[in-house]
Every structure is written in C-alpha cells, then in structure tokens.
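Chemist: I would like the atomic coordinates for the input below:
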Amino acid sequence: MRKKLPEGSLGNFMTDAMLQMAKVNYHMDVDAAFVNYGGIRLNQLPAGPVPRGKIFELMPFDNLLFIQQVKGTVLKEFLDQIATRGGWPVAGLSMQISNKQAVNIKVGGLAIDENKNYVIANADFVINGGDGINVLRNIPVENNGYLVRDALFDYIKLLSQNGKNISAKEENRVSYAQ
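Modeler: You can find the predicted model right below:
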C-alpha cells in the first residue's frame, strides 16, 4: 500500500480503519473519516503481516480519534480546505477537486446535503487546528481517549480474525475533475 495524493491505498487503509473502529468504539453511525496527509509517516506499507513497530512508524503520534457532528455546510468548507491541500485520505465519501475546491461530493454514495448533519471521525490534531484547518475547531467533540494508532491495531486484528488480508486499493474517493 502506498501514500500519495490525491488518493493512495495506504491513506484509504488508514481511513477505513478509523471509520470502522470509530463506529465500534463510539457505538454510533459515523459517515466519514479523514487523516491528514502529513500525519502518515511512511510512504508505503508492504504486503503481508504488519509488525506492531511498523504501525508506530506509520502513526508515531498519540493522536486521539474524535467524533464530531457537523452540518453539511461545515463539511463542505472542511472538504474545500482539504482540496486546497491537494486532497487527503478519506473514507465514507468521495469528492473531486476543481480549482482547489471540493466538487461532486458524495457521502455514503449520496450527494452532500448542506442542511443535513453528518458524523465524522478525525484526529484531534486536525480538529484542534493542525495543518491550518480551523473550520472544525469550535464544534463539540466526542472523546473517549481512543488513539488513532489503536484504531489501526484493532482494525488489523479485526481483519485477521475474519480471515481477511490487510489491504486497500484506490477507489477514486478523491480525484481531480476533468
């Protein structure tokens, strides 16, 4: 799995883990998950068994996995900020980038509704203004002390218990508009 922009399989793996484990650990439906591109500290994760040390290399920070409920207008503004940065890994939604703006946004396969509330999972670093993202800062969070890194460990364990390989692929979650 590789790290790249606007979408890479390694980022997809990480956000899939965050989305799935946020649902499990917070006992709620979560619409989407995000990880900041700079927070991914390995360029690739080879196929096969993943030693614990590799996950610490991949995510060396003690970032907490926060949950927020945001209006569609706020989600759109956040996605626009992601678009200006060339895209970030996402799960649960897809978008295209056009003129540094997020367009053709679909959450759970449906066009974004700017009046609807969405539940998102994100690292505390981003929510607290990291990487210059300020749109989420003053929105209440759910925080049960669960680390993003632990979400990765738990997701790998879940996949293994279900006989599934640790993998992800590119799925046009984030792409450039033609």
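
Chemist: this structure: helices as residue ranges?
Modeler: Per DSSP state H, the chain carries helices over the ranges 9-26, 52-58, 72-84, 124-127, 148-161.

Chemist: quick check: bridge partners of the closest residue to Asp62 other than its chain neighbours?
Modeler: Nearest residue to Asp62 in three dimensions, chain neighbours excluded: Leu147, at 6.0 Å (CB to CB, 6 or more residues apart in numbering). Every C-beta, even on glycine, is put in place using the N, C-alpha and C of the backbone. With DSSP bridges as the criterion, Leu147 is bridged to Leu64.

Chemist: any idea how far Leu147 is from Thr15?
Modeler: 15 Å (CB to CB, to the nearest Å).

Chemist: more neighbours, those two?
Modeler: Neighbour count, other CB atoms under 10 Å: between Leu147 and Thr15, Thr15 has more, with 25 against 17.

Chemist: tell me the contacts of the residue nearest to the more buried one when sequence neighbours are not counted?
Modeler: Spatially, and ignoring its direct neighbours in sequence, Thr15 is nearest to Ala91 (3.6 Å; CB to CB, 6+ apart). When contacts are counted by CB atoms under 8 Å, 6 or more residues apart in numbering, Ala91 is found next to 12, 15-16, 18-19, 32-34, 173.

Chemist: nearest to Asn143, of those?
Modeler: Nearest to Asn143 among the contacts of Ala91: Met18, at 14.2 Å, using CB to CB.

Chemist: I figured that closest one was touching Ala121, is that so?
Modeler: Yes: using CB atoms under 8 Å, Met18 is in contact with Ala121, at 5.2 Å.

Chemist: which secondary structure elements does the one helix or strand in the chain whose mean pLDDT sits lowest sit against?
Modeler: Ranked by mean pLDDT, DSSP states H and E, the weakest helix or strand in the chain is helix 52-58, scoring a mean of 90. Counting contacts by 3 or more CB pairs under 8 Å, 6 or more residues apart in numbering; DSSP states H and E, helix 52-58 packs against helix 148-161.

Chemist: mind running it again at 10 Å?
Modeler: Contact partners of helix 52-58 among helices and strands, from 3 or more CB pairs under 10 Å, 6 or more residues apart in numbering; DSSP states H and E: helix 9-26, helix 148-161.

Chemist: angle of the shortest one against helix 9-26?
Modeler: Computed by axes from the mean of the first three to the mean of the last three CA atoms, to 10 degrees, the angle separating helix 148-161 from helix 9-26 equals 90 degrees.

Chemist: low pLDDT regions in the chain?
Modeler: Counting by pLDDT under 70, the chain contains no low-confidence residues.
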